[in-house]
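Participant: would you be able to build a 3D model of this:
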Amino acid sequence: ILLDKDGKRKHTRPTFSGQQIFALEKTFEQTKYLAGPERARLAYSLGMTESQVKVWFQNRRTKWRKKHAAEMATAKKKQDSETERLKGTSENEEEDDDYNKPLDPNSDDEKITQLLKKHKPGSGGLLLHPPEGEASI
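Facilitator: As a prediction, this is how the structure comes out:
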């Protein structure tokens, strides 16, 4: 028994064997909460007190919730970034719809000018074919 500086009993943290932890983890996988009789049976079979089993389960549930919350946050971030990526793609596709439409020779020059401004030359953008008989540059 350990005593503190005032001569009172000092609380020591129990250390569990690998076999005890394994059995506790296996039980936790099956059920996150133990009723009184189940807790008593498990404690007896593992050579632990009911309080030790109860506190172990409380601590394990806290650890499980934190991990679950972190996984959910990571999944949400991933989903949000994928949504943003897809949203960006669809906006670009809408812009490209005008770009991919064939130019109407009878259309006004303003539309052609806007398309040329939107797509810089040399970036795989618009390629204007010169009229027949003229050389391309």
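
Participant: only C-alpha atoms from now on, for both contacts and neighbour counts.
Facilitator: Will do.

Participant: got any ranges where this structure has weak pLDDT?
Facilitator: Along the chain, segments meeting pLDDT under 70 span 1, 89-108, 111-112, 115, 119-137.

Participant: could I get the full set of helices for it?
Facilitator: 18-30, 36-46, 50-100, 109-118 (DSSP state H).

Participant: and residue 6, which of those helices is closest to it?
Facilitator: Closest to residue 6 of the helices of the chain is helix 50-100 (Cα to Cα; 26.1 Å).

Participant: still on that earlier bit, tell me the most buried of the helices of the chain?
Facilitator: Among the helices of the chain, helix 36-46 has the highest mean neighbour count (mean count of other Cα atoms under 10 Å), at a mean of 15.

Participant: quick revisit: mind checking the helices of the chain for the one nearest to residue 11?
Facilitator: helix 50-100 (13.3 Å).

Participant: picking that back up, which one, of the helices of the chain, ends up nearest to residue 2?
Facilitator: helix 50-100 (19.0 Å).
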